[in-house]
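In: Pasting the sequence and the predicted coordinates here, then a few questions.
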Amino acid sequence: MNITQVDFGTLPDGRMTTLYTLTNNHGAAVAITNYGGIVVGIVVPDREGKRDDVVLGFDDLAGYLAQSPYFGAIVGRCCNRLNRGQFTLAGRTYQLAVNEAPQRQTHLHGGNRGFDKMLWSATPRVTATAATLELRYFSPDGEENYPGNLTVTARYSWDDDYALRLELTATTDRTTIVNLTNHSYFNLAGAGSGPVTGHLARINAEHYTPVSAELIPTGEIRPVAGTPFDFTVAKPIGRDIDAADGQIAIGGGYDHNFVLCRPTPGALTTAAEVYEPTTGRTLEVLTTQPAVQFYTGNGLGSEIGKGHRRYPRRGGFCFEPQRYPDAPHHDHFPSIVLTPDQTYRETVVFRFGVK
């Protein structure tokens, strides 16, 4: 196990960022920067032993500052969307930034300056079993108009089983809302190698939450059976991605929350499995969260990524474990309220392999 670090670039206010590379005993590596807690690279072997970087991103900080669609970042204080950017706690309504596309009255991924745009403090550690990077961020009361001082820890660990584990914790001194996730875009054939529509995916979900034209859940929890959203048996991501379906039309493909089948609530459970046939690479996503947002990179196409490669539309897929989007407006959704006597604690594991 080994961790190295290099300068990654300078923020507009003059602060330096750092890129940490966690390498396991097989030589496979994960690169993470303390800017936004971003997973910049994951280099893993294919069935022939050839190593490729399988996450989308940029070669330097400048790319992330200029154009990143949340590539690899920790997103919060509230990931995904909130309708009209509003929520109510103890009779008080809070107005957050409405920061998505002009036609959508939504608050997206924590606002104008969410956690993906913050500089986190970092502590690297190496043990006999894992290389670990612990990131911490203090979000003051009123930041992006969220109430409460929030202390957040994101602990990444990389081991010899090719598993990247992310443990997220948060505490507050005032009741607030919290919903955190990692927003990595994967392409198991290699970042920049083309669309991911040929990857085979299985999602451990029998229901999903349909959305309005603004991609806000309607409140319905709908069965996937008989719809393009049925991934209970592995199928190519592209098989139904352009189906004549109202929900597919709204998302321009998949951009939906899937309700996970969890035998033990709160336990680490498989959320999704993906297989890329040409390389043999596999990805298993496990989480303690009740749901996962599946996004197929429908908005990509203009980004010039690592190695000066253009990322095409649908050039990456995301599995973002989280609690349901827009939960404050749906009483039957799992709550995202965090009180001072509670600790927010969730885990996601991205485990790579070959077959």
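Out: All right, it came through fine. Numbers count the residues shown, from 1 in each chain.
In: For the residue sitting furthest away from the middle of the chain, grab phi and psi.
Out: Note on the chain: the largest C-alpha distance from the chain mean falls to G91, namely 31.2 Å (CA atoms, centre = their mean). Main-chain dihedrals, G91, degrees, to the nearest 10: phi 80, psi 0.
In: same thing with the one 4 residues further on?
Out: In terms of degrees, to the nearest 10, the main-chain angles of Q95 are phi -110, psi 120.
In: residues touching it, list them.
Out: G85, Q86, N145 (CB atoms under 8 Å, 6 or more residues apart in numbering). To be clear about C-beta, it is placed using only N, CA and C from the backbone, and glycine gets the same treatment.
In: tell me the strands in the stretch 1-150 of the chain, going along the chain?
Out: Assigned by DSSP state E, counting those that start in this stretch, the strands in the stretch 1-150 of the chain fall at 2-10, 16-23, 29-33, 39-45, 51-53, 74-75, 81-83, 86-89, 92-95, 106-108, 121-126, 130-139, 150-159.
In: same for the shortest one, what does it pack against?
Out: Strand 74-75 sits against strand 181-182, with contacts defined as 3 or more CB pairs under 8 Å, 6 or more residues apart in numbering; DSSP states H and E.
In: Packing partners of the strand it packs on?
Out: strand 74-75, strand 318-322.
In: Any idea which of the strands of the stretch 1-150 of the chain gets closest to P236?
Out: Nearest to P236 among the strands of the stretch 1-150 of the chain is strand 51-53; the distance by CB to CB comes to 20.3 Å.
In: tell me the mean pLDDT for that closest one?
Out: Strand 51-53 shows a mean pLDDT of 98.
In: Next: stretch 114-124.
Out: On average, stretch 114-124 scores 98.
In: swap in stretch 67-83?
Out: 96.
In: Could you do stretch 266-279 as well?
Out: 96.
In: Same question for stretch 236-246.
Out: Stretch 236-246 comes out at a mean pLDDT of 98.
In: contacting residues around that stretch?
Out: Counting by CB under 8 Å, 6+ apart, 195-201, 227-228, 248, 253-254, 296, 314, 317 sit against stretch 236-246.
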